[in-house]
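Student: Here's a sequence, model it:
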Amino acid sequence: MLNDWINKHHDVWERAVVHPFLDQCADASIEADAFNRWLIQDRLFVLDFTRFAGRLVQTCPVAHLDTLLGGMVALKDELLWFVAKAQERDLSMDVEPLKTCSDYRAFMRGLYDAPYAVQSVAFWAIERAYNEAWQRPGPMKPPYDEFADRWGNPGFSAYVEQLAAQADEVLAGADADICRAAEQAFLDVAGLEERFWQMAFASE
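Tutor: Modelled structure (predicted):
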C-alpha cells in the first residue's frame, strides 16, 4: 500500500525528496547560513521525533519492538552528533523553532492518540523522506557528504524497509477510515518535508 501511495501522489512526494537545498548540498554551493539554519532547526525537530518514536514503542505490537528500539538507539547517537556538528560550526543550540519546525513538531504531537497504523505510516514516511532525499542528488562534495552518508547509507535504507513492512502489515488489517487517515498523514509528511527544506533559505 505504501508504494501505491508514492506512485499515486508522485508529484507531492517528489517535492518532498527533491529540492534545491539538497542539490546545493551536493555541489557544495549552499550558503553556510542557510545550511546552519536548517541544521539547528533539524535538531529541534529530531528532539520531538524521538518522543514520537517513544510513543510508537508504547503502542506497537510486540513483534515491532526490536526495529523501533533499534531506531531509538540510532536517535540517541544522532542527537549527540547534532551537538558535535553545532560545536564544529560554532552555532548556538539555544534558538526558537521557526514556524515550519513548530508546525512539524505539532503534527507529530497530534498523532500521539492516533491509531498505531496511522502513527506507523507517518513515522515511516518521515524516515523514508530523509533516506531518499539525501540519496537523490547523487554523491555529495565535502563537507555535506557526511550528512548524505548518515541518512542515505545502506543500513538506514534497510531500516526504512523494515518500517515499511511493519506499516504495510498493520494497514492490511485496518478499516477504511484508518487507511484514509494514514494516507492523509503520508501527504502531511510530504508537505512538511518540502517546507522544511525551503525553510533553510529564509527565516520565517
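Student: What is the longest helix seen in the chain packed up against?
Tutor: Longest helix in the chain, counting residues (DSSP state H): helix 32-59. Applying 3 or more CB pairs under 8 Å, 6 or more residues apart in numbering; DSSP states H and E, we find helix 32-59 packed against helix 20-26, helix 65-88, helix 99-110, helix 116-133, helix 176-199. C-betas here are computed from N, CA, C, even on glycine.
Student: just the ones you listed: most buried one?
Tutor: helix 116-133 (a mean of 24; mean count of other CB atoms under 10 Å).
Student: what's the residue closest to the geometric middle of this protein?
Tutor: Nearest to the mean C-alpha position of the chain, counting by CA atoms, centre = their mean, stands residue 126 at 3.3 Å.
Student: Residue 135 contacts residue 153, correct?
Tutor: No. Here residue 135 does not reach residue 153: they are 9.1 Å apart, not a contact under CB atoms under 8 Å.
Student: For burial, what's the neighbour tally of the nearest residue to residue 123 once chain neighbours are set aside?
Tutor: Spatial nearest neighbour of residue 123, excluding adjacent residues (CB to CB, 6 or more residues apart in numbering): residue 56 at 5.8 Å. Neighbourhood size, residue 56 [other CB atoms under 10 Å]: 23.
Student: you'd agree residue 56 is up against residue 68?
Tutor: Yes. With contact defined as CB under 8 Å, residue 56 counts as touching residue 68 (5.6 Å).
Student: returning to what we had before: give me the mean pLDDT for the longest helix of the chain.
Tutor: Averaged across helix 32-59, pLDDT comes to 97.
Student: in it, what counts as buried?
Tutor: Going by neighbour count (16 or more other CB atoms under 10 Å), the buried part of helix 32-59 is 34-46, 48-49, 52-53, 55-56.
Student: What of stretch 130-148?
Tutor: So, applying 16+ other CB under 10 Å, buried residues of stretch 130-148: 130, 131, 132, 133, 134, 135, 136, 137, 140, 144, 147, 148.
Student: List the contacts of it.
Tutor: 16-19, 22-23, 25-28, 30, 35, 150-152, 156-157, 160, 193, 197 (CB atoms under 8 Å, 6 or more residues apart in numbering).
Student: helix/strand/coil for residue 30?
Tutor: Following DSSP: H, G, I helix; E, B strand; the rest coil, residue 30 is assigned to coil.
Student: Alright, that wraps it up for me.
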